[in-house]
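>>> Next come a sequence and a model predicted from it.
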Amino acid sequence: MTDDGIATIWVYLSTTPLLGLTITLVAYGIAYRAYLWSGSNPLLHPVVSAVTLLILFLVGTDTPYEAYFAGGQFVHFLLGPATVALAIPLYQQLPKIRRLWLPVLITLVSGVTIGALSSVAL
């Protein structure tokens with residue numbers, strides 16, 4: 001593909017809501033491949049890596065977040081059903097969760113505390 005072709009695609013994508021959706025999917029695809037390549041290293045978790053790539057892209061191209069989110073809203077909309085879908089495996093693992101209630105409780109309280117403290121610190 002020539003530089004002129006890439007520029008034409010960039011102009012088209014930057015003026016449509018497809019920019020956010022396309023960039024989100026590409027960033028996640030790259031992050032997921034890096035995660036698998038690393039042998040599933042938790043430091044390269046695809047969600048964290050994809051968010052980092054998205055931030056670098058938005059800052060590097062001086063794209064306003066509002067322009068990105070116009071297309072990213074499709075992914076944002078699907079987060080609700082995905083969260084509800086997590087209830088099925090949780091329900092299937094309910095006996096194990098009940099058996100390990102204390103470590104689960106400690107982890108949840110620790111996560112909430114660290115999250116609250118870090119948001120106050122920022």
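All right, it came through fine.
>>> which residues does the residue nearest the centre of the chain contact?
Among the residues of the chain, the smallest C-alpha distance to the mean C-alpha position (CA atoms, centre = their mean) belongs to residue 47, namely 4.0 Å. Applying CB atoms under 8 Å, 6 or more residues apart in numbering to residue 47 gives the contacts 28, 31. Heads up, the C-betas are built off the backbone N, CA and C, glycines and all.
>>> Show the subsequent helix or strand relative to the host helix or strand of it.
Element membership for residue 47 (DSSP states H and E) is helix 46-61. As assigned by DSSP H and E, the chain's next helix or strand after helix 46-61 is helix 65-85.
>>> can you give me phi and psi for the nearest residue to residue 38 once chain neighbours are set aside?
Spatially, and ignoring its direct neighbours in sequence, residue 38 is nearest to residue 44 (4.7 Å; CB to CB, 6 or more residues apart in numbering). The main-chain torsion angles of residue 44 are listed as degrees, to the nearest 10 and equal phi -110, psi 40.
>>> hang on, isn't residue 44 packed against residue 31?
Yes: shown here, residue 44 and residue 31 form a contact pair, counting by CB atoms under 8 Å, at 7.5 Å.
>>> Pick out whichever of those two has more residues nearby.
Neighbour tally, residue 44 and residue 31, criterion other CB atoms under 10 Å: the higher count belongs to residue 31, 21 against 16.
>>> Do I have it right that the more buried one meets residue 54?
No: under the contact definition of CB under 8 Å, residue 31 does not touch residue 54, with a separation of 9.5 Å.
>>> Kindly state the pLDDT recorded for the residue nearest to residue 38?
In this prediction, residue 44 carries a pLDDT score of 92.
>>> Quick one: low-confidence residue ranges for the protein.
Scanning the chain for pLDDT under 70 picks out 1-3, 6, 9-16.
>>> ok so, going back, how far away is the residue nearest to the centre of the chain from residue 103?
Taken as CB to CB, to the nearest Å, the spacing of residue 47 relative to residue 103 amounts to 23 Å.
>>> Residue 83 now?
Using CB to CB, residue 83 is found at 23 Å from residue 103.
>>> Can you give me the domain assignment for this structure?
When the chain is parsed with automatic domain parsing, its domains come out as 1-78, 86-122.
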